[in-house]
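K.L.:
I would like to see how this sequence folds:
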Amino acid sequence: STLVPSCRISSIVGTVSTWHRGYRATINNGKVDPAVKALQARQDVIIRKLYELKAAAEGLAKIVTTPDADLDLTVGSSLALQSSSSTDLDTLLGKNHGALRDIVINANPSQPPLSLLVLHSLLCQRYRVLSTVHVHSSVSNVPPQLLSCLGAPHADSYARHLFQLGFTLIWKDVPKPQMKFSIQNMCPIEGEANVARFLYKLLAPYPSDPGAATLVDSWVDTAFFQLAKGSAKKRTAVLRALNSALGRNPWMAGPEFSLADVACYCCVLQSGSASAAAANVQRWIKSCENLGHFSPAKILTQ
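P.N.:
A predicted model of the protein is given here:
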């Protein structure tokens, strides 16, 4: 194929973008016609691909927003009303080159990643998030509650330019959760604990104190590798340690809520240990649930 000069691509992008804004004005100033919605959606795709080509021609990161081609079912999207500025995301994820930055997670429906659903809920409080659930062809049956785990569809889901961040969950036959993100030089992330760490950094920085940061990481590893996957004896020992720690502080890693609380809460629920937990753990569970972001995890364990 012939290489298209970057300057020529820039000209094409400018022309199509101007045409695209004209249709946005039509949508904003008058009654929305379904045909116009469909045309806008196609234009979004065209502009995204043009920006991808422009970035590649300039030696920039190639934007990849759909890592799995054989998706059978698409349901749902949601928009958070509270948001942060795009500057924050540029600092954390790199400059946006025109396509929606999409976090894509593959997960097995037989082992729903509860912590990632909680973090998705928290992300929706900070950013305008386009959230979508897909079912991969490797999975034959997915319960209805998993298809709606990211919330109800939003009326503006056809207009990708209205969102700051994409969150795509694909129910797929994989051994562990996998995350892909369209950013230069970034390898896929595997394992619920590692994906959770990535997502939490979009919400809040890790403690600057090395000791406090190590404590958070230690509880995250303990939750996923001992509480969720350990033997009954190990789970009992972890629950005792949880109760002891929560006797000294209101949250797992000290006076402030952290990723340690997300991980430990979800693993306590997933292990079926919540009802038999000691007093301090019971109090902490109620404190987590009072925050309102843990309902997606609780619903899937009832």
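
K.L.:
Give me the below-cutoff pLDDT ranges for this protein.
P.N.:
Across the chain, the ranges flagged by pLDDT under 70 are 1-32, 48-88, 90, 92, 94-99, 155, 157, 182-186.

K.L.:
isn't Ala193 right next to Cys264, touching?
P.N.:
No - judged on C-beta atoms under 8 Å, Ala193 makes no contact with Cys264 at a distance of 11.6 Å. Yep, even glycine has a C-beta here, placed from its N, CA and C like the rest.

K.L.:
Please identify every residue contacting each of those two.
P.N.:
Ala223 (C-beta atoms under 8 Å, 6 or more residues apart in numbering).

K.L.:
More neighbours: the two, which one.
P.N.:
When neighbours are counted by other C-beta atoms under 10 Å, Ala193 and Cys264 differ, and Cys264 comes out ahead with 31 against 22.

K.L.:
Secondary structure element holding the more buried one?
P.N.:
If you go by DSSP states H and E, Cys264 is part of helix 259-271.

K.L.:
Please name every helix or strand in contact with whichever helix or strand comes after that helix.
P.N.:
Toward the C-terminus, helix 259-271 is succeeded by helix 279-290 as the next helix or strand (DSSP H and E). Contacts defined by 3 or more C-beta pairs under 8 Å, 6 or more residues apart in numbering; DSSP states H and E place helix 279-290 against helix 232-248, helix 259-271.

K.L.:
Among those helices, which comes closest to Ala204?
P.N.:
Evaluated over those, closeness to Ala204 peaks at helix 259-271, with 8.4 Å, by C-beta to C-beta.

K.L.:
hang on, the earlier thing: which residues sit against the helix holding Cys264?
P.N.:
114-115, 118-119, 193, 196-197, 200, 215-216, 219-220, 222-224, 227-228, 235, 239, 242, 251-253, 274, 277, 281, 284-285, 288, 294, 297-298, 301.

K.L.:
Looks to me like Ser138 is in a strand.
P.N.:
No - read with DSSP: H, G, I helix; E, B strand; the rest coil, Ser138 is coil and lies in no strand.

K.L.:
Give me the nearest residue to it, chain neighbours excluded.
P.N.:
Asp173 (3.9 Å; C-beta to C-beta, 6 or more residues apart in numbering).

K.L.:
okay, now that neighbour: neighbour count?
P.N.:
By other C-beta under 10 Å, 13 other residues sit near Asp173.

K.L.:
separation between it and Ser140?
P.N.:
9 Å (C-beta to C-beta, to the nearest Å).

K.L.:
what's the answer for Ala223, then?
P.N.:
Counting by C-beta to C-beta - Ala223 and Ser140 are separated by 30 Å.

K.L.:
higher neighbour count, those two?
P.N.:
Set Ala223 next to Ser140 and count neighbours by other C-beta under 10 Å: Ala223 wins out with 30 against 7.

K.L.:
can you pull the contacts of the more buried one?
P.N.:
Ala223 touches Ala193, Val238, Ala260, Ala263, Cys264, Cys266, Cys267, counting by C-beta under 8 Å, 6+ apart.

K.L.:
Same question for Val195.
P.N.:
Ile105, Pro113, Leu116, Pro177, Gln178, Met179, Ile189.

K.L.:
got it, and Val174?
P.N.:
Asn106, Ala107, Asn108.

K.L.:
A helix includes it, no?
P.N.:
No - under three-state DSSP, Val174 falls outside any helix and is assigned coil.

K.L.:
mind checking which helix or strand the closest residue to Gly254 other than its chain neighbours is in?
P.N.:
In space, Gly254 comes closest to Ala212 once its chain neighbours are excluded; the distance is 6.5 Å by C-beta to C-beta, 6+ apart. Taking DSSP H and E as the criterion, Ala212 maps to helix 210-222.

K.L.:
Give the buried residues for that helix.
P.N.:
Neighbour counts over helix 210-222 (16 or more other C-beta atoms under 10 Å) mark Leu215, Val216, Asp217, Trp219, Val220, Thr222 as buried.

K.L.:
repeat for stretch 277-292
P.N.:
Buried-residue list, stretch 277-292, by 16+ other C-beta under 10 Å: Ala277, Asn280, Val281, Trp284, Ile285, Cys288.

K.L.:
If anything else comes up later, I'll come back, but that's it for now.
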